[in-house]
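Student: Quick one: sequence plus predicted model below, questions after.
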Amino acid sequence: MEKLQLYDFIGSTLYINLGNDRILRGTLMAVDAQLNLLLDHVRERNGGQSERLMGLVSVPEQTVKSIKITEQSLNHICQLKQDLLRQIV
Amino acid sequence: MVLEQGLRKLHVEEQRGPQLFSDNTVTADDLIDITETLKRMRLALQPDSIIKEPSFDLFEGTHSLEVNNKKLDTSLITLSQEETEYDCNTAHGESQVEKLGFVTGIVDQLCRYLICWLNDYQLLPTTILSCRYLEYLLIESANIDDMVYLKTGDLLYDQVLCSAIYGISYFAKFVERLMKNGGVCPEEDLNFNSMGLDFLSYVCEPSKINKSLKVSLEHLSAYGDTANHLVHLLKLIECLVCMEECLTKYSAGTAHLDKLMAEALYLQNKNDSETFILPLGCFSMGIQKRLSNQSPPKSLVIPSKNYDGFIVMATDLKLILSVNEAKTVMELMQFTKFFNKATQRHVISRAVFFAFIIRHDETVLGRYTFSQFAQLHPLEFSLASTEISKKLPEEAVPVLEDITNVLFDWYQNAAQNTSRYRQGYNRQLLLWDALQVQMENIELEFESKMMADRANEPFSDDSMLPFTSWIFAMKVTAMIEFVLKGFDLDVYKPFESYVMFWYSYYLSYQLESCLEKIHKFVDSRINKIVSLNKKIKKLKAGEKKEKLRAQYRFLMDTEMAQLQTNKKFLTFLLMECTIIRSLSLSQVLQFAILKSFNVIDNKSTTKCQFTSNELLYELRMKVFSSIGVPEVVPYNMIESTLNDFMISEPMFALKLKKTMECIQKETQNASIAVDNVIKCIASDKDGEVLYSATRLVKPQATDYFQRLKTSAKAIQLNSKVINAKLENKQTKNDPKSLFTMRLKSCENASSFFPLLELVDTRRQKSKSKK
């Protein structure tokens, strides 16, 4: 986990909590140094309302309450990184 | 046991928590918070750096929707209490009269929204999809794959409103299908943002909807005149439901369209005096917030009293369906050439056009196979009575398939919107050129083995190459269309008008030569058959005479009629070509006069170190650069042509007079040709000299040529005005500082030939000061 960089999360599915029971799930396409995120194939869950698709969505850093990832995805990213480092060494 | 299993399941669910999204099993417990980790990682980045997925184009990011931005985030749309709590299963309205008013108002608004969507380029979510009932019914119905009806306990809602909504949705389904067929451009011509709703994909036949509409009409009969407006609305919707028959049954029947126009006319007249109150919250932006949406929030459209929009749609669709009456490919082609040329037709009719002529059973209009279709085009032009038509070489078969594809492209392009139309020609030019090369090789090979098709053989050595000539004519016509359409679309700057008009003149000259060659050949073939008869008369009775007579009869029966028609059609095309050539030349001469007075130059006034006029010219001509014949004229040659047309001392006045006379003569020629052409179009029959094959598009073809005539007159008049202005004593010395030139389209004139108008810069300046 310590050896991971921001770049390693590109292409991962992230769960963004925006507060007010609003959660976005999407694939991380781009991120800048301010941690503004650009997610694609975004699915939104807004309170008790049904889910919906929103396509390509930009998420400014100040709107984000939390960013989460599944344990499985995180392990997968770590594994890939380890393999890569091993190859380089 | 079952209870045990159930309890175990409950236990697991309790442990894992509810899943976050319905399409996967991830729960909150499966997630790890990486917010702080990412915040730490970003510190390693340069402040201006962006990390992105390698294949992702950041430009696409500009189309993204930003969350928590009121202008972009549809989740932030605020809805009124009425909108949020709107209950579709309540019969809104206190009394029966109020309920009837509400239902009529909802259906009326939906019908007017249809026109906003189809005729005024509005979006589905801001028009019909903003109706709470439509959203509710489509969602509920999709859940069980069958039409669900409301349960308010009042038939006005449960039956009448539902049937109207299903009728409208079924029509929308037809439009969705048209969009998928690809006849028109999505977003550009029509928006079909369904917001993830299923538009009755499970309703295969309209009979169920028609039946429901009939039941509604019966129910409304009890209301008498008070329900009159609603009755007419339902009848209009009935016509909309039938509209798909032009593609499901390839029906060319227009009774439903006539009825649609009658109903729309009634509603249009009535609508001025009728106003309906809608239940609060019935139409709202709510759907943009609730359903899948990749667009920013958009306010609802305020529909105008626009029932005449249905008349426009039905009229244009009727025109399209009349193509079914085309008796020959020549008529089909002329129909295609003119139906959308001067006026852009309704999007539905344009979308129907290609799907109606090119059918699922792999026929054209249900009567020609694709292979016949490809052969009939040249046959009704240059192929009749040729050697190659009798013994088509095997190598030509795959080329015929290519011809079919390029022809399909040509037919589809004719129905495109005005801007795509030019782009389509751009694409086609190379296809025609490639076909020409392929066919030319085959025909030359054929000629080397068999007999060549020459006019006045054996004296002429000018081989006609019937397929190649037809392809060449198609290609050059497309090139002319591409060049002139640029004026219609305001693509060119005034300084470029010389080059483009000269090019149009040059191309029409090339086309004219080709048409003349074919005309000469057809004429020689006709004469050959006629001479047979003379020969027969001279011969004494006997076997030889009978053999010749049989041959003569055979040729008269099989070839003569087609040859005669082709000859007259070619004469028509030659006349059309003359019009374009004369008008283009007039404009070229007009430009030369203006340049001679130093009012305009054929060079860009903008100075840029990275480009030159030659580069600009090459860029403009890039489309034609890969075409073999006719090849692009080099820049220096274009320059020299302008110098040839320009007037200089000595005898400036005399030369100017001559040039002016030349313009008058050319425009006069064009006008005379137009008169002949219009006369030919007006007559239904195959004329003595001309045949236009425009029987099915008479008004449209006449309008096109009438506009060209107006242009001829306007050019003539403009030329006199320019001359008077430039010859004026006060302005003569320094016209460049006093005048500038602009391209101006005239009312009722052809947009292909805008006027080179002289503008007084002094007046412009004084206007801007004011």
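Tutor: Ah, there it is.
Student: contact partners of stretch B:478-491?
Tutor: Stretch B:478-491 is contacted by residues B:410, B:418-419, B:421-422, B:425-426, B:428-429, B:432, B:492, B:497, B:500, B:503-504, B:507-508, B:511, B:580, B:623-624, B:627, B:630, B:743, B:751-754 when judged by CB atoms under 8 Å, 6 or more residues apart in numbering or on different chains. From N, CA and C alone the C-beta is placed, and that goes for glycine too.
Student: Report the beta-bridge partners for the spatially most central residue of chain A.
Tutor: In chain A, the centroid-proximal residue (CA atoms, centre = their mean) is residue A:14; its distance is 2.7 Å. Residues in a beta bridge with residue A:14, per DSSP bridges, are residue A:26.
Student: Please tell me how far it sits from residue A:79.
Tutor: Look at residue A:14 and residue A:79: by CB to CB, to the nearest Å, they are 18 Å apart.
Student: what does residue B:177 give?
Tutor: 47 Å.
Student: These two: which has the busier surroundings?
Tutor: Taking other CB atoms under 10 Å in any protein chain shown, residue B:177 and residue A:79 do not tie; residue B:177 has more neighbours (15 against 10).
Student: Show me what the one helix or strand in chain A whose mean pLDDT sits lowest is packed up against.
Tutor: Across the helices and strands of chain A, mean confidence by mean pLDDT, DSSP states H and E is lowest for helix A:71-88: a mean of 88. If you count contacts as 3 or more CB pairs under 8 Å, 6 or more residues apart in numbering or on different chains; DSSP states H and E, helix A:71-88 packs onto strand B:31-33.
Student: Outside of stretch B:321-331 itself, list whatever touches it.
Tutor: So stretch B:321-331 is contacted by B:246, B:252-254, B:257, B:332, B:335-336, B:339, B:352-353, B:356-357, B:365, B:368, B:373, B:376-377, B:379-381, B:565, B:569, B:693-696 (CB under 8 Å, 6+ apart).
Student: er, stretch B:689-708 actually
Tutor: Here stretch B:689-708 has contacts from B:319, B:322-323, B:325-326, B:328, B:330-331, B:333-335, B:338-339, B:341-343, B:565, B:568-569, B:571-572, B:575, B:579, B:583, B:670, B:674, B:676-678, B:680-682, B:684, B:748-753, using CB under 8 Å, 6+ apart.
Student: Just the ones of those in helices?
Tutor: B:319, B:330-331, B:333-335, B:338, B:565, B:568-569, B:571-572, B:575, B:579, B:583, B:670, B:674, B:676-678, B:680-682 (DSSP state H).
Student: Can you select the buried ones among the residues you listed for me in ChimeraX?
Tutor: Listed next is the ChimeraX selection for buried residues among the ones in helices among the contacts of stretch B:689-708, using 16 or more other CB atoms under 10 Å in any protein chain shown:
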select /B:319,330,331,333,334,335,338,565,568,569,571,572,575,579,583,670,674,676,677,678,680,681
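Student: what residue ranges in chain A score low on pLDDT?
Tutor: Residue ranges of chain A with pLDDT under 70: A:48-49, A:89.
Student: sorry, back to before: of the contacts of stretch B:321-331, which belong to helices?
Tutor: Going by DSSP H, the helices hold B:246, B:257, B:332, B:335-336, B:352-353, B:356-357, B:373, B:376-377, B:565, B:569 from the contacts of stretch B:321-331.
Student: Can you name the residues of the stretch 51-200 of chain B sitting close to chain A?
Tutor: B:51-53, B:56, B:58, B:60-61, B:63-69, B:75, B:196 (CB under 8 Å from any CB of the partner chain).
Student: out of the residues you listed, which is most surrounded?
Tutor: Neighbour max across those (other CB under 10 Å) = residue B:67, 24 neighbours.
Student: list the contacts for that residue?
Tutor: A:18, A:24, A:57, A:58, A:59, A:60, A:63, B:73, B:75 are the contacts of residue B:67 under CB under 8 Å, 6+ apart.
Student: Of those residues, select the buried ones using a PyMOL command.
Tutor: In PyMOL syntax, the buried subset of these is picked out as below (16+ other CB under 10 Å):
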select buried, (chain A and resi 18+24+57+58+59+63) or (chain B and resi 73+75)
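Student: Which single one of the contacts of residue B:67 is nearest to residue A:4?
Tutor: Using CB to CB, residue A:59 comes nearest to residue A:4 of the contacts of residue B:67, at 20.2 Å.
Student: contacting residues for the nearest residue to that closest one once chain neighbours are set aside?
Tutor: Residue nearest to residue A:59 in three dimensions, not counting chain neighbours: residue A:37, with 4.3 Å by CB to CB, 6 or more residues apart in numbering or on different chains. Applying CB under 8 Å, 6+ apart to residue A:37 gives the contacts A:14, A:16, A:28, A:30, A:31, A:58, A:59, A:61, A:64, A:67.
Student: swap the cut-off to 10 Å and go again
Tutor: A:9, A:14, A:16, A:24, A:26, A:28-31, A:57-61, A:63-64, A:67, B:38, B:67 (CB atoms under 10 Å, 6 or more residues apart in numbering or on different chains).
Student: Go through those residues and flag which are in strands.
Tutor: Using DSSP state E, A:14, A:16, A:24, A:26, A:28, A:29, A:30, A:31, A:57, A:58, A:59, A:67 are the members of the contacts of residue A:37 that sit in strands.
Student: so how many other residues sit close to the closest residue to chain A within the stretch 651-770 of chain B?
Tutor: Distance from chain A to each residue of the stretch 651-770 of chain B (CB to the nearest CB) is smallest for residue B:751, at 38.5 Å. Residue B:751 is flanked by 17 other residues according to other CB under 10 Å.
Student: Could you do residue B:40 as well?
Tutor: The burial count for residue B:40: 12, using other CB under 10 Å.
Student: Point me to the helix or strand that includes it.
Tutor: helix B:35-42 (DSSP states H and E).
Student: contact partners of that helix?
Tutor: A:1-2, A:4-9, A:14, A:16-17, A:28, A:31-37, A:61, A:64-69, A:74, B:34, B:49, B:51.
Student: Of all the residues in that helix, which ones are buried?
Tutor: Result for helix B:35-42 [16+ other CB under 10 Å]: buried residues B:37, B:38, B:41, B:42.
Student: could those residues go into TSV alongside pLDDT and distance to residue B:443?
Tutor: Shown next, in TSV, are the buried residues of helix B:35-42 (pLDDT from 0 to 100; distance: CB to CB, whole Å):
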residue	pLDDT	distance to residue B:443
B:37	92	72
B:38	92	69
B:41	91	69
B:42	90	69
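Student: Tell me how chain B divides into domains.
Tutor: Following the TED database, one gets these domains for chain B: B:81-321, B:326-758.
Student: Would you format the ones you listed as TSV with mean pLDDT included?
Tutor: What follows is the domains of chain B, written out as TSV (pLDDT from 0 to 100):
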stretch	mean pLDDT
domain B:81-321	94
domain B:326-758	92
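Student: Residue B:759 should be in a helix, yeah?
Tutor: No - counting by DSSP: H, G, I helix; E, B strand; the rest coil, residue B:759 is not part of a helix but strand.
Student: residues in contact with it?
Tutor: Residue B:759 neighbours (CB under 10 Å, 6+ apart): B:494, B:599, B:738, B:739, B:740, B:741, B:742, B:744.
Student: Determine which two of these are furthest apart.
Tutor: Maximum distance among the contacts of residue B:759 (CB to CB): 18.0 Å, for B:738 and B:744.
Student: Of the two, give the one with the bigger neighbour count.
Tutor: residue B:738 (20 against 14).
Student: can you tell me how far that one sits from residue B:126?
Tutor: Taking CB to CB, one finds residue B:738 at 50 Å from residue B:126.
Student: residues near residue B:59, how many?
Tutor: Neighbours of residue B:59 under the rule other CB under 10 Å: 7.
Student: any idea of the pLDDT on it?
Tutor: In the predicted model, residue B:59 carries a pLDDT score of 92.
Student: if I read this right, residue B:225 contacts residue B:231, doesn't it?
Tutor: Yes - using CB atoms under 10 Å, residue B:225 makes contact with residue B:231 at a distance of 9.4 Å.
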